[in-house]
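Participant: need a structure here:
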Amino acid sequence: MAKGKIRGVCALCGQLRELCESHFLPAALYRLLRATTKKSKPDPVLMTSAGRQQTSFQATQYLLCDDCEKRFDRNGEDWVMKHCYRGRGRFRLRSILERCVPIGEENDETIYSASSDPVIGIDQLVYFCSSVVWRASIRDWYSSGKRYEAICLGNTYREQIRGYLLGELQFPERATVLVVVSRLKFPHLAFNFPEAARLESCYSHTLHISGITFQLRLGKQMPQSAYETCVLRSPAHPIFVSNAGDARVQRSVLRLMGKVDTPWGSYPLIEGFKCKELK
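Facilitator: As a prediction, the model looks like this:
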């Protein structure tokens, strides 16, 4: 993940070290989004309220030392990137879940227990989600000249999550992580920077990557439903397979294009393309 280094204080361990050029989101996500045909410009499309453009630019800054970069890799990123949707229907996490017996079904949603198969990395899913949201709270980030303003976790939660990521503390008591896996045959190869919103009596931070949507909730008055749907806290360790995450992403894209659902109907959910698989 590191292209070069400078001397400074690592945002995670707090030590004066050589800092790597850290990515906001894994570089592997950008590689997944690059076109696999012989196009002259295979770069992914960046969409913002100002428009859209093809770009190879990745949001990076000198943030972490090499040890902490490797900590992020081995504790979450490596597993999640291997098991997220990778093109041509290759979706390891969903394949594992579908071999398990569902613990619940409702409408177009199927619920599985992540503890049904020891291969499923519950800790890695929680760590990955927490690490991205924490990075989003440390500083502003820039992508192709566009500013992504740091989200506010509050000093207490930000420090609790930092201690958890560093391995010094347990996952914060007043925090939950919801995991939703796409049920589309070909999920969209897309991702977004974390989005913050007030949800019931707590704050919600939503992150979407290829085939998986994460929602980290924080708050002193966490609703019981959040604990019941948390992949870590609930005794059932639920993972939800539905189109909810894909529908949310599509609404965001349509909104950026100036389109909204009409009073007489919603835009149908569109499948992703059958892209070349990356190993």
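
Participant: Restrict stretch 92-111 to CA atoms and write it as CSV.
Facilitator: Taking C-alpha atoms only, stretch 92-111 is exported to CSV below (Å, rounded to 0.1, in the frame of the first residue of the first chain):
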residue,chain,number,x,y,z
ARG,A,92,-16.8,-16.2,-1.9
LEU,A,93,-18.7,-14.9,1.2
ARG,A,94,-22.1,-15.4,-0.4
SER,A,95,-21.1,-18.9,-1.6
ILE,A,96,-20.1,-19.9,1.9
LEU,A,97,-23.4,-18.5,3.3
GLU,A,98,-25.5,-20.3,0.7
ARG,A,99,-24.0,-23.6,1.9
CYS,A,100,-25.4,-22.9,5.4
VAL,A,101,-29.0,-23.4,6.6
PRO,A,102,-30.8,-20.0,6.9
ILE,A,103,-31.9,-18.9,10.4
GLY,A,104,-34.6,-16.7,9.0
GLU,A,105,-36.4,-15.5,5.8
GLU,A,106,-38.7,-12.6,5.2
ASN,A,107,-39.8,-11.2,1.9
ASP,A,108,-36.7,-10.9,-0.3
GLU,A,109,-34.3,-11.2,2.6
THR,A,110,-32.5,-14.3,3.9
ILE,A,111,-30.6,-14.3,7.2
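
Participant: who touches it?
Facilitator: Identification of contacts with stretch 92-111 by CB atoms under 8 Å, 6 or more residues apart in numbering yields 82-86, 112-113, 116-117, 119-120, 181-183, 211-212, 236, 238-244. Backbone N, C-alpha and C define where each C-beta goes, glycine included.

Participant: So for it, mean pLDDT?
Facilitator: Averaged across stretch 92-111, pLDDT comes to 94.

Participant: If you average pLDDT per helix and strand, which one of the protein comes out bottom?
Facilitator: strand 45-48 (a mean of 46; mean pLDDT, DSSP states H and E).

Participant: show me where pLDDT drops low in the stretch 51-200 of the chain?
Facilitator: 51-57 (pLDDT under 70).
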